[in-house]
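> Could you work out the structure for the sequence below:
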Amino acid sequence: MKCAITEFQQEQKKRMRSVQDAMDALNGKWKIAIISSICCYGKRRFSDILNDVEGVSNRMLSKELKELEINQLVKRTVLATQPITVEYELTEHGNTLQTIITELSDWGTVHRKKIVGK
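Below you'll find the predicted structure:
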């Protein structure tokens, strides 16, 4: 019996560590909104994301995009246009978040109706 409790506790610690890893990659006020913008539209330019994510500043968007790139969730592509165009898209790994974003959106809709009635 003692072994089963220990195994259960170890499994729960692994699960909590996994949740913390996810939270570390997605932490910050803007990352999920940025990912949502890219999920909805596919490739997005910086200014498009800036318009989609209400309230984010240029500087903060740039910082968050760099962190998402470091975590291999977003790919940045510089196009040889005049002036230079930069596009952002989800990586293959980033695309695995689409189901989670959809679920989060659905939950948010239900939650909003429950709290504000709209």
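
> Report the distance from stretch 61-68 to the chain centre.
11 Å (CA atoms, centre = their mean, to the nearest Å).

> in it, what's buried?
Neighbour counts over stretch 61-68 (16 or more other CB atoms under 10 Å) mark Leu61, Glu64, Leu65, Glu67, Leu68 as buried. In this view, the C-beta of every residue, glycine as well, is placed from N, C-alpha and C.

> And stretch 12-32, by the same measure?
Buried-residue list, stretch 12-32, by 16+ other CB under 10 Å: Leu26, Trp30, Lys31, Ile32.

> Likewise for stretch 71-87?
Of all the residues in stretch 71-87, those buried under the rule 16+ other CB under 10 Å are Leu73, Val74, Lys75, Glu87.

> Next, the residues that contact that stretch from outside, please.
Residues outside stretch 71-87 that contact it (CB atoms under 8 Å, 6 or more residues apart in numbering) are 25, 34-35, 38, 43-46, 65, 68-69, 88-91, 93-94, 97.

> ok, 10 Å please
24-26, 31, 34-35, 38, 42-49, 64-69, 88-97 (CB atoms under 10 Å, 6 or more residues apart in numbering).

> Which element is encountered next along the chain beyond the helix or strand containing His93?
His93 is part of helix 92-95 when elements are defined by DSSP states H and E. Using DSSP H and E, the next helix or strand after helix 92-95 towards the C-terminus is helix 98-116.
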